[in-house]
Structure formats: C-alpha cells, structure tokens
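> Provided below for reference: sequence and predicted model.
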Protein chains: 2
Amino acid sequence: MNAPIVVDSVAALRAQVRDWRQAGLGVAMVPTMGALHDGHISLIRIALERADRCVVSIFVNPTQFAPTEDLDKYPRQLARDLDRLRDAGAHLAFTPGVAEMYPTGFATRISVGGPSSGLETDFRPNFFDGVATVVAKLFLQTAPDWAVFGEKDYQQLCVVRQLCRDLDLPVEIIGAPTVRDARGLAMSSRNAYLGEAELDVARQLNVILRRTAAELASGANEIRATSIATEALAQAGFQKVDYVAAREAVTLAPWRCDRDGRLLAAAWLGTTRLIDNVEIRST
Amino acid sequence: MNAPIVVDSVAALRAQVRDWRQAGLGVAMVPTMGALHDGHISLIRIALERADRCVVSIFVNPTQFAPTEDLDKYPRQLARDLDRLRDAGAHLAFTPGVAEMYPTGFATRISVGGPSSGLETDFRPNFFDGVATVVAKLFLQTAPDWAVFGEKDYQQLCVVRQLCRDLDLPVEIIGAPTVRDARGLAMSSRNAYLGEAELDVARQLNVILRRTAAELASGANEIRATSIATEALAQAGFQKVDYVAAREAVTLAPWRCDRDGRLLAAAWLGTTRLIDNVEIRST
C-alpha cells in the first residue's frame, strides 16, 4: 500500500479533494481522534467499499472534552496511526492543529436536540455540541460523499445523522457495526488505560448488555431489567454505572417494546469511562 | 427578461444548481424574506456582476421572530416579488414552505458568538440563532459561490461572515451598500407599515446618525454624542430608542476612536421597529 498523503491545512485538504472530484472519484471520510485500533480500520474498510478515495481526519477535539476529562492524557501516536492508515489503504490523513480548526476569534456552536437528550448528555453536558460543531466543520472542509461512524458511539451516530438532516449537509452517513475482541469487548482508544484485571471486568459490560437486551426482547419489565443490569455491572467490578437505558433505535426516544430498540450503557472502571450498546430486536 | 424558475423543494433547487455547475457557471445567492424593494434589487444586481446565475430565496423564517414580533403580519406578496425578480434578471426563486425548511423532528440550532453580542441581541435574544441556522441551511441547500447581504442589517452581515469563517462554509460573503430613498431613508420591507407622517420621522434616523458619526470622527466624546443622538431621535418623534452605539466595523467590539467604526441604531415608530447604521470614518 502507498502511504497516505498527510495534510494539516484546510486549503491543502480542499485542493486534494477537488482534484479527486474533477477526476470523477467518490470520496468518503472517517473522522477520528487518532489512537487508531481495529474498530477504526473497519470503518476505513467500509468507506473503501463505497468510495474511490478515503480521507481520515485525526484531531483530538478539545471542545468535546469537559475540563475534568482526559483531554491531556488522551492517547496521541501519529506515527503509528499513519502506519495503520497505510496498511488500511486510506488515501489522505488530515491532521489539523487546534489553531487550524479554531482560529483566534472562533465563536460558533452547533446544538443538536432530539437524540442528544439524556444518556451521555446527562453526564457530559457539552459533549454533543462539541461533536456536532467539529463534525460539521470537518464535513464542510472535506466535502465527502459519505462519512462512516461506528455504532460503538451509538448516540453520537444518531446525533450526526440528525445534524446532517437538519442542516442539509450533503453527506450520506454510514453506521458501522462495533468491532469487538474475541471476548466481546468493544474496541476503544480508552481501553489503553486498562490493566489486565480491569480488561476482564470491562468484558462483562457487553455480556451483561446482551443478556439484558435478550430479556427485554422477551418481554421483561424494562425498569426491573435495567436495574438488574446495573447491579450486575457493580457486582462484576464496575465502580460506578452512569446509565443502562433502553431507547428507540433511531430517535433515542424512550423505547416502546413493539419497536426495535437499543440498550445503551456507560460505566466506570477506576478513572476510565467505558460505553457500549447492543440491539434490542423486537420479536 | 425571462421569468425566474420557481422551485419550492431542496431537491429541485439542488438539481438546477448542479446542472449550472456542470455547465461551468458560477452561482450567487441572495437570501430574502420577500416583500422585495429596491434594496433587494441592488443585491441581485451585485450578485449578477460576479455570477452567471443568481438564486433568490424567499422565506419568511419563523425562527428569527420572537412570539411578540410581526411574523404573522410580515408582508407576503409572492406574485409581485416574482415580477420584480424577472425584471432584475434573477434566474431562480427558491420559495420553500416551513415544512420543507423545518420538517417534523427538526432540532438543531447554530449560535454565533462574537459580533452577535449586544445591539440587536439585547432586544431580540434568539434572533441571530434563527438567522445563522437558516442561512447555514440555505447555503448548504444551494451551495452558492457567493452570497450578497445588505449593510442595512449590518450586525447580521457581520454574524454571517463569522458563521462562514467559523464553520468553513465555502461561500464568499459580499456586503452591499444600503439603498436609500431621495431623503436618506433606508429601504426596508417594514417601511410598508408606516404612514406619511411616520415616514417623515423615519427619515430623521439617517440624518441624525450621519451627523453623530461625523462628530465621532472629529473626536466627540462617544457617550455624550450617542446620548445627544438618542435625545434627538426622541425629539424627532421616535417613541422609543433601543440603542445608538458605536462599534468596530468588523468585530462589532467597542469602538476605538483610532479605528474605522460603525454607528448603529434601532428605534420605534409606533409598533414598527426601524434599524439603520452608518460608517464612522476615522480621520
């Protein structure tokens, strides 16, 4: 594979995409914060099934971190990421600095309602404003035909879909299945913070979610089933459970048991916060 | 002149603009709320100096009106507007309904800081969120190369420039001089609410602003000069003056007398609110 072109300015990004477009090539984009793992690689693979060219942005977006969160220690490993992009066949890495994305005087914020209500927002109040604003910017800088987002960040995927619909952003959003290790743990850059014993606990998150989703699909009482799941996560070794919640699959409104739903959870292992989600398939 | 194409769906708008683009034609847009007057026509003329094709949107945007404001009585006169567009040589009128712009479930808001602080925002707190959101949508629906906005709504022009810069919207914003009647009154759709006696009063707004800007440029004390202007507006017959304020021309930060500035005002004649602004040319 060829190494990807690496650009850190919007002007260079636009010039390259314009060249591709004039050659009649379709362009997909995969926005990331770097620290690439097999989950990201699967997004690139899906992008390349649709598009002739794949742009991967690597930008640790400060506006989606709260002051108390892990912005400073978030893993940064550009050289290794570029190796992985080369192996995956990505064509361009867009690696802007903070000043390129948010020049002096920057003052605009996009707030998406609807699916951003509750769940993550109850614990990270400004998170989705930060995500929506940077995603809109990345789309307007890159002008891709498609963009691929993982279902791992399920609420984010729903918010990005709503953002594009509401602002008429001409980008087709593709949701990609969560990539897991052999024992079901969802790939996440934050797994790097975990030791072996914590990884064993982390792997229970998906086990408990799958079991609870099956119970809900079979008609279990929602409040009771999610309470049991919360208790099971604590028993498994999670120190704090932010939420275990059943929602409608698209709008993230409260789940109605005759519809396809999604069971979402966030829980803490030490200072690391993990999220995961699974389908509730109505029977 | 040919009559403009009239479309009310985003899909039809995009199809037409795509055809023009494939033919190598440049496209400019003039967003309006209809009730077109000579001010709007001047924007179209400026658009046609740059672009091969001119799109004019006509949409009375409900999200930029407060519940107490004049949304329901805002003048609507589509047939007359289309005649004026034909005479002006506009190529396409985009006349979406509210449901096309804000479908059920719409939930996104864009807030621009910086130049939106104070002035209009002190009296119309959600106005610029409504403007920024609909302008972003119109730009993303139309994808123009240029968009023309009048200096009459000077703070709006500054907010739209900031919006495009901050979100990387690939549109060049052109500010157009305010068109006035022979006695200096700025053209406005809201002038239609005024009787002859009120129009005589309204014409004093620009006279007083020009006189005050000249005094400021010559070194008059800002607080004293704007107080005198406020008093003069009341004497002239305005029932209420929302503000008379000197600001920096680009950022709308407080004016420093060694820089080019803008003197802006808003005042009420009965139930009609008028705004105007003039340059402060530093000497």
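Yes, it's here.
> the longest helix seen in chain A: what's the following helix or strand?
In chain A, taking DSSP state H as the definition, the longest helix is helix A:196-217. As assigned by DSSP states H and E, the chain's next helix or strand after helix A:196-217 is helix A:222-236.
> and that next one, what's its mean pLDDT?
For helix A:222-236, mean pLDDT rounds to 98.
> again, but for stretch A:77-88
Here the average pLDDT along stretch A:77-88 is 97.
> below-threshold pLDDT in chain A: ranges please.
Along chain A, the model assigns pLDDT under 70 to residues A:283.
> residues of it that sit close to chain B?
By C-beta under 8 Å from any C-beta of the partner chain, the residues of chain A that approach chain B are A:10, A:14, A:103, A:105-114, A:132-133, A:136-137, A:140-141, A:143, A:162-163, A:165-170, A:251. From N, CA and C alone the C-beta is placed, and that goes for glycine too.
> I'd say residue A:279 and residue A:262 touch.
Yes: using C-beta atoms under 8 Å, residue A:279 is in contact with residue A:262, at 6.3 Å.
> tell me which of those two has more neighbours.
residue A:262 (21 against 17; other C-beta atoms under 10 Å in any protein chain shown).
> and that one, bridged to which residues?
When assigned by DSSP bridges, residue A:262 has beta-bridge partners residue A:247, residue A:279.
> so it versus residue A:11, what's the distance?
Distance, residue A:262 to residue A:11, by C-beta to C-beta, to the nearest Å: 40 Å.
> same check, this time on residue A:260
When residue A:260 is compared with residue A:11 (using C-beta to C-beta), they lie 44 Å apart.
> neighbour-wise, which of these two wins?
Just comparing residue A:260 and residue A:11: by other C-beta under 10 Å the higher neighbour count belongs to residue A:260, 14 against 10.
> which ones are touching the more buried one?
Shown in contact with residue A:260 (C-beta atoms under 8 Å, 6 or more residues apart in numbering or on different chains): A:248-249, A:279-282.
> could you dump those residues to CSV with distance to residue B:231?
Below are the contacts of residue A:260 laid out as CSV (distance: C-beta to C-beta, whole Å):
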residue, distance to residue B:231
A:248, 59
A:249, 63
A:279, 69
A:280, 68
A:281, 72
A:282, 70
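> what is the nearest of these to chain B?
Each of these was checked against chain B using C-beta to the nearest C-beta; the closest is residue A:248, at 12.2 Å.
> what does the domain assignment say about chain A?
A:5-176, A:189-278 (automatic domain parsing).
> quick one: the last one to chain centroid distance?
Centre-to-centre, domain A:189-278 and its host chain are 16 Å apart (C-alpha atoms, centre = their mean, to the nearest Å).
> and it, end to end?
Taking C-alpha to C-alpha, to the nearest Å, domain A:189-278 runs 19 Å from one end to the other.
> host element of residue A:44?
helix A:38-50.
> that helix - contacts with which helices or strands?
strand A:27-32, strand A:53-58, helix A:78-88, strand A:146-150, strand A:172-176 (3 or more C-beta pairs under 8 Å, 6 or more residues apart in numbering or on different chains; DSSP states H and E).
> next, format the ones you listed as a markdown table and append mean neighbour count.
Shown next, in a markdown table, are the helices and strands packed on helix A:38-50 (neighbours: other C-beta atoms under 10 Å in any protein chain shown):
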| stretch | mean neighbour count |
| --- | --- |
| strand A:27-32 | 26 |
| strand A:53-58 | 26 |
| helix A:78-88 | 16 |
| strand A:146-150 | 23 |
| strand A:172-176 | 17 |
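> mind putting these into a markdown table with distance to residue B:68?
Formatted as a markdown table, the helices and strands packed on helix A:38-50 follow (distance: least, C-beta to C-beta, whole Å):
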| stretch | distance to residue B:68 |
| --- | --- |
| strand A:27-32 | 41 |
| strand A:53-58 | 44 |
| helix A:78-88 | 53 |
| strand A:146-150 | 41 |
| strand A:172-176 | 38 |
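> what's the closest of those to residue B:122?
Taking C-beta to C-beta, strand A:27-32 is the member of those nearest to residue B:122, at 37.3 Å.
> gap between the closest one and the chain center?
For strand A:27-32, the distance to the chain centre is 12 Å (C-alpha atoms, centre = their mean).
> how about stretch A:276-283?
Distance of stretch A:276-283 from its chain centroid, counting by C-alpha atoms, centre = their mean, is 18 Å.
> rewinding a little: closest to residue B:188 out of the contacts of residue A:260?
Using C-beta to C-beta, these come closest to residue B:188 at residue A:248, 46.1 Å.
> right, and that closest one touches residue A:256 too?
Yes: counting by C-beta under 8 Å, residue A:256 is a contact partner of residue A:248 at 7.0 Å.
> compare the two (neighbour count), which wins?
Shown here are residue A:248 and residue A:256; by other C-beta under 10 Å, residue A:248 has more neighbours (17 against 12).
> for that one, give me its contacts.
Applying C-beta under 8 Å, 6+ apart, the residues near residue A:248 are A:254-256, A:259-262.
> residue B:25: which of the helices and strands packed on helix A:38-50 is closest?
strand A:27-32 (23.0 Å).
> what does that closest one contact?
A:17, A:20-21, A:40, A:43-44, A:47-48, A:50-59, A:90, A:134-135, A:138-139, A:142-149, A:171, A:174.
> repeat that with 7 Å
With C-beta atoms under 7 Å, 6 or more residues apart in numbering or on different chains as the test, strand A:27-32 has contacts from A:17, A:20-21, A:40, A:43-44, A:47, A:50-51, A:53-58, A:135, A:138, A:142, A:144-148.
> what's the distance between the residue nearest the centre of chain A and residue A:138?
The structure's chain A has its C-alpha centroid closest to residue A:153; by C-alpha atoms, centre = their mean the separation is 3.7 Å. According to C-beta to C-beta, residue A:153 and residue A:138 sit 15 Å apart.
> can you check residue A:132 too?
11 Å.
> repeat for residue A:155
18 Å.
> what's the answer for residue A:42, then?
From residue A:42 over to residue A:138 (counting by C-beta to C-beta), the distance is 19 Å.
> settle it for me: which of the two has more neighbours?
Neighbour totals were compared for residue A:42 and residue A:138, and residue A:138 leads with 24 against 19 (other C-beta under 10 Å).
> helix or strand for the more buried one, just tell me which one.
Following DSSP H and E, one finds residue A:138 within helix A:127-142.
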